[in-house]
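Novice: Predicted coordinates and the sequence they were generated for:
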Amino acid sequence: MKRLAGSRGLLAGMDVDELKAKIEREPGRAMFARICEMFQATNQRMLAGGDKSSIGQCGCMYVTPLELEAGLIHRLTGDREALGYVERMIDVLERNWVIAPPPGHWAAGDDQFTNYFSQAMVCLAADMCRDALQPAAYEKLCRLVRFYFIGDNTFDRHALGHWSGHNIGFTRQICSAVCALVFGEESGHPDWERYVDLGRDTCLQYARWGLDPSGFSYEGVGYGSIPILWTYIYAQLLLQNGRDNLFARMPVLSRIPDAVFQVLFPDCSNLAQISDLSTPQELPWLTLTARQYDRPQDMDLWGRYRMGEESPQTTVYRGILLSLLWMDDRAPRRPIEEVALPTASCAHGTETANFRTSWRADAVYLNVLGQGRSVSSLGHMHADCGHFSLVAHGDYLAVDGGYWNEMEDQHNAVLVDGLVSRHDRRPDHTAFRAGSLRNFQRHELLDYVMVDQSAVKDCRWAFRHVLFVRLGGDDCYVVVIDNINPDDSRHSFWWQLHAHPASEVRIEGPAAASVRRNHARLDLTFLNPSAQDYPSLPHSLSLRADEAFCPMFKNEEPEQVRKEGRRMTGNDLGNSSKWRPRLIAEQVGLNCMLMTVISPRRAGAPPLPVRQTEARLILCAEVDCGEFTDTIVSALDHAYIRLPGLRGQTELALVRRARDGRLLGAWTVDGGDLLLAR
């Protein structure tokens, strides 16, 4: 085995002297100090435990923590202890090449857990100090690469089959390709270049089946963040080795940052929940996209979003190390508030809509989900069609349950007869059916989208209309109009809002409620059809509050979790089981025809009074906004509006009038004209 000169890994083509200069100035100095601190703590823990560590993630048993950090420390400082650590991690992989899944684990009987993240990272770490590796350690690594690491893949089944958009299949292939690229040639593997190319092909396949055209992951912001990170890692490795430029070949790589911006909480503390898991600890690839696509706003977000919070237990993100290597620390940063980013967006594929009043930290932010699906990303699929999350003035108020809380009763959705949809009643809780977002619109008064849930709920029709109405500055209100008809017969419909555990749900009246936290609250007013609309069976409406239990693991006992007090804190989305307050507005009738006005208000601010105007088969709300009054009209299913001073042929309309009656603006869902009179 001939030891090749020069790096093929993360340092390929880099000027190490420039890297050494980078760690002598901020922020590189602080980042490298943190890397050294984490390594020392981990090295002591590993020595005390006999070099035993095992963290499961993405079907991998990661057994070599902080090996990349050790490799970089040695390369930049010559530290012999760090070099010895890398060589010890090669020994760990020799001892632990295959770890069987524990009895009863979901992977038992299928693929066994391997150490593929460790395999790739040890290769990258050894590459950083390849010249200094002892011959025995070097030869041992090359044997492992040739006979085990490169072959640890299932490309034909995962990239060509129905798992090409799934995190396990993707990351396993990429780690195989990384091992082939970095040590394949000198290991003597006869087909190493083919596996390097298969890694590129895997990235192309994931971009097609794991991401929608706007850059949103079908697996959500948690699980999806891992293959996204490794796509950027592999793209950069190929580029630094002069083998390919995936940044140019894969346009979606330039769109992923904007997808992150769209689901970003206003204070940059978190990302909105989509499907499974909470949010990634760091986003180091933002330093790459800032350079590759001339996006100074990405460097600003990288600096704001949890940079430096990585712990020694962190597995695959490696945010501090990768950011240190990739960032141009002298590049300009452009504050998010100064970038002309749209305040509303709609991504088809994942069916994700986002609305906000501004890009200021005190803004109101609304996320609406349409339960998009990929045929090749069959995992972590929540029954979240029609769900909305809402952050207002610094408080997370209407929440998504997070990790493994897949079921429809754990989302802000309508339950027919208090039950989850029949196609969500699977033993594994997987919700295969897809919904869709339709007719996304932007208007000077509001933004709008309609959620089609008909197939998901197996109803004649099931639509949720969402209006994000702007009042100026960071004030707004939201109108949600549900129109569901299962089968032309009487049903009970549970309108749900899951509130943050740190909030309080209050029933304020027969058709009014509020959700309150420290800085903000939601005022909710429900509009029910009048008795004359359905005289043989009038709609009834009742409000109640309860506590919903959302288990992380299916066998957890609710009372034990309550006793342990596991609850979300701050704006955290949470990964553990929890109780949380829930508001239910139960409507009983021949259909669900319900308008809800949701008004986010700062703590102490007066409410926006909402009054219902009764009219035949019409829901009409008047919202007193102070200097003007908004009239929202829902004439769903017939589009025939006849009200005092207002006539039209449209299903939805909003009219804004000044105190003196002057018309300030109007909107209709289909662009139709309204006849207005004073």
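Specialist: Good, I have the coordinates.
Novice: what residues does the host helix or strand of Ala82 touch?
Specialist: Element membership for Ala82, per DSSP states H and E: helix 80-95. Residues outside helix 80-95 that contact it (CB atoms under 8 Å, 6 or more residues apart in numbering) are 39, 43, 46, 51, 63-64, 66-67, 69-71, 73-74, 115, 118-119, 122, 125-126, 129, 132-134, 137, 140-141, 144. Backbone N, C-alpha and C define where each C-beta goes, glycine included.
Novice: Could you give me the ChimeraX selection string for whichever of those are buried?
Specialist: Per 16 or more other CB atoms under 10 Å, the buried members of these correspond to this ChimeraX selection:
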select :39,43,46,51,63,64,66,67,69,70,71,73,74,115,118,119,122,125,126,129,132,133,137,140,141,144
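Novice: Please flag which of the contacts of helix 80-95 sit within strands.
Specialist: Assigned to strands by DSSP state E, none of these qualify.
Novice: mind listing which of the contacts of helix 80-95 are in helices?
Specialist: Among these, the members found in helices (DSSP state H) are 39, 43, 46, 67, 69-71, 73-74, 118-119, 122, 125-126, 137, 140-141, 144.
Novice: all helices for the stretch 301-450 of the chain, in order.
Specialist: Using DSSP state H, counting those that start in this stretch, the helices of the stretch 301-450 of the chain run over 319-326.
Novice: any low-confidence regions in it?
Specialist: Applying pLDDT under 70 to the stretch 301-450 of the chain flags the ranges 306-316, 422-430.
Novice: Confidence-wise, which helix or strand of the chain is lowest on average?
Specialist: The least trusted helix or strand in the chain, going by mean pLDDT, DSSP states H and E, turns out to be helix 558-564, with a mean of 57.
Novice: Where does Phe463 sit, in terms of helix or strand?
Specialist: When secondary structure is defined by DSSP H and E, Phe463 falls within strand 461-472.
Novice: List the buried residues of stretch 80-87.
Specialist: 82-83, 85-87.
Novice: Likewise for stretch 230-250?
Specialist: By 16+ other CB under 10 Å, the buried positions in stretch 230-250 come out as 230-241, 243-244, 246-247, 250.
Novice: Specify the local secondary structure of the most centrally placed residue in the chain.
Specialist: Taking CA atoms, centre = their mean as the criterion, Val221 is the residue nearest the geometric centre of the chain, at 2.4 Å. Here Val221 is recorded as helix under DSSP: H, G, I helix; E, B strand; the rest coil.
Novice: Leaving out chain neighbours, which residue sits closest to it?
Specialist: Excluding its sequence neighbours, the residue lying closest to Val221 (CB to CB, 6 or more residues apart in numbering) is Leu271, at 4.7 Å.
Novice: What of Leu522?
Specialist: Per CB to CB, 6+ apart, closest to Leu522 is Val515, 4.3 Å.
Novice: secondary structure element for the one you found?
Specialist: Val515 belongs to strand 512-516, assigned by DSSP H and E.
Novice: Identify the residues contacting the helix or strand following that strand?
Specialist: Moving toward the C-terminus from strand 512-516, the next helix or strand (DSSP H and E) is strand 520-527. Contacts to strand 520-527, defined as CB under 8 Å, 6+ apart, come from residues 390, 392-395, 397-398, 495, 497, 508, 511-515, 541, 543, 583, 585, 594-603, 607-608, 610, 612, 619-621.
Novice: Helices of the stretch 451-600 of the chain, residue ranges please.
Specialist: 454-457, 558-564.
Novice: follow-up on the earlier one: isn't the residue nearest to the centre of the chain right up against Asp276?
Specialist: No. Using CB atoms under 8 Å, Val221 makes no contact with Asp276, being 9.1 Å away.
Novice: what's around the residue lying closest to Lys457 once chain neighbours are set aside, how many residues?
Specialist: In space, Lys457 comes closest to Ser421 once its chain neighbours are excluded; the distance is 4.8 Å by CB to CB, 6+ apart. Here the number of neighbours of Ser421 (other CB atoms under 10 Å) works out to 24.
Novice: Pull the contacting residues for Ser421.
Specialist: Residues near Ser421 by CB under 8 Å, 6+ apart: 383, 408, 431, 433, 456-458.
Novice: mind putting the residues you listed in CSV, neighbour count and distance to Leu522 included?
Specialist: Formatted as CSV, these follow (neighbours: other CB atoms under 10 Å; distance: CB to CB, whole Å):
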residue, neighbour count, distance to Leu522
Ala383, 29, 23
Glu408, 27, 21
Ala431, 25, 27
Arg433, 19, 30
Val456, 26, 25
Lys457, 26, 25
Asp458, 15, 30
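Novice: What segments of the stretch 401-550 of the chain are strands?
Specialist: 414-416, 436-442, 446-452, 461-472, 475-485, 491-498, 504-509, 512-516, 520-527, 540-550 (DSSP state E, counting those that start in this stretch).
Novice: Cys203 is nearest to which of the ones you listed?
Specialist: Proximity to Cys203, assessed across the strands of the stretch 401-550 of the chain by CB to CB, is greatest for strand 436-442 (27.5 Å).
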